[in-house]
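K.L.:
sequence and predicted structure are below.
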Amino acid sequence: MKKLFICVLLVVVGYYSGMAQSGALQQAVNKLDQAQTVKDYQVLEKTFSGISEQPAWLPPYYAALCNAKIGFLLQDDGEKIEPFADRGEALAKQALSLLDSTTQKKELAEVYTVLSMVYRTKVFINPMTYGRKYGVLSGQILQKALALEPGNPRALYVSAWVKYYTPRMWGGDKEQAKKLATESLQKLGNPGTDVYPHWGRADDQQLLAKIK
């Protein structure tokens, strides 16, 4: 009887633990939709890193995105970026390792987009030293994302960002940036609120506000 009671207790505890864990990813994504500051993203990166929920690629993907966002927020303070960029790269590669290259092309496009952002933050560390290496690598990874899913709105946003901030003599084009950001925003007309990547609307709006 005692053994039966213990078995039942373990099943009940396991059930409720699983229920709590199953909502953790959704709760974290909801908070990510509202995040704005370095502190916000630091807290969320730790949260995502502690989640072991399916689909398995999403927690490291979102943790990598948090590090990329931190890097963009610190782009004028380059010496602080390196640990976030390094961690973001490792997490994005972890997410890639959990995907099937033949059947999960849209998911791969999402991760490559974030990895491209992470490499862009490495440029911010020291543009003169890292610009040529990581700027080129960021562009190559972004092209991989667009090849896998040409209409991915987040990849389009990053493309728009690059076109806006790159000097014209090196291929920058603010009109092209406006076109890409507008296309991205249109595709995000109803982005949804589930755990699948849906960020980008606020980013597009911020970029378009600068172009006007």
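P.N.:
Yep, it's here.

K.L.:
C-alpha only now, for contacts and for neighbours.
P.N.:
Noted.

K.L.:
which secondary structure element of this protein has the lowest mean pLDDT?
P.N.:
Lowest mean confidence among the helices and strands of the chain (mean pLDDT, DSSP states H and E): helix 2-22, at a mean of 41.

K.L.:
where exactly do the helices run in the protein?
P.N.:
2-22, 24-32, 38-49, 58-73, 82-97, 105-125, 127-148, 153-165, 174-187, 201-211 (DSSP state H).

K.L.:
name all residues that make contact with residue 80.
P.N.:
The contact partners of residue 80, taken as Cα atoms under 8 Å, 6 or more residues apart in numbering, are 74, 125.

K.L.:
please name the nearest non-neighbouring residue to residue 196.
P.N.:
Distances taken as Cα to Cα, 6 or more residues apart in numbering put residue 58 closest to residue 196, at 7.8 Å, once the chain neighbours are dropped.

K.L.:
what about the one you found, neighbour count?
P.N.:
Number of residues near residue 58 (other Cα atoms under 10 Å) recorded here: 25.

K.L.:
so it sits against residue 95, correct?
P.N.:
Yes. Look at residue 58 against residue 95 with Cα atoms under 8 Å: they come within range, at 7.0 Å.

K.L.:
find me the pLDDT at the most centrally placed residue in the chain, would you?
P.N.:
Taking Cα atoms, centre = their mean, the centroid of the chain lies closest to residue 65, which sits 3.0 Å from it. We have a pLDDT of 98 for residue 65.

K.L.:
OK, contacts around the closest residue to it other than its chain neighbours?
P.N.:
The spatially closest residue to residue 65, leaving aside those adjacent along the chain, is residue 114, at 5.8 Å (Cα to Cα, 6+ apart). Residue 114 makes contact with 61, 64-65, 68, 92, according to Cα under 8 Å, 6+ apart.

K.L.:
which of those has the most neighbours?
P.N.:
Ranked by neighbour count (other Cα under 10 Å), those have residue 64 at the top, with 32 neighbours.

K.L.:
list the contacts for the closest residue to that one other than its chain neighbours?
P.N.:
By the measure of Cα to Cα, 6+ apart, the closest residue to residue 64 outside its immediate chain neighbours is residue 88, 4.2 Å from it. For residue 88, the residues meeting the contact criterion (Cα under 8 Å, 6+ apart) are 63-68, 115, 118.

K.L.:
export those to a markdown table and tack on distance to residue 158?
P.N.:
What follows is these, written out as a markdown table (distance: Cα to Cα, whole Å):
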| residue | distance to residue 158 |
| --- | --- |
| 63 | 18 |
| 64 | 15 |
| 65 | 13 |
| 66 | 15 |
| 67 | 15 |
| 68 | 12 |
| 115 | 11 |
| 118 | 11 |
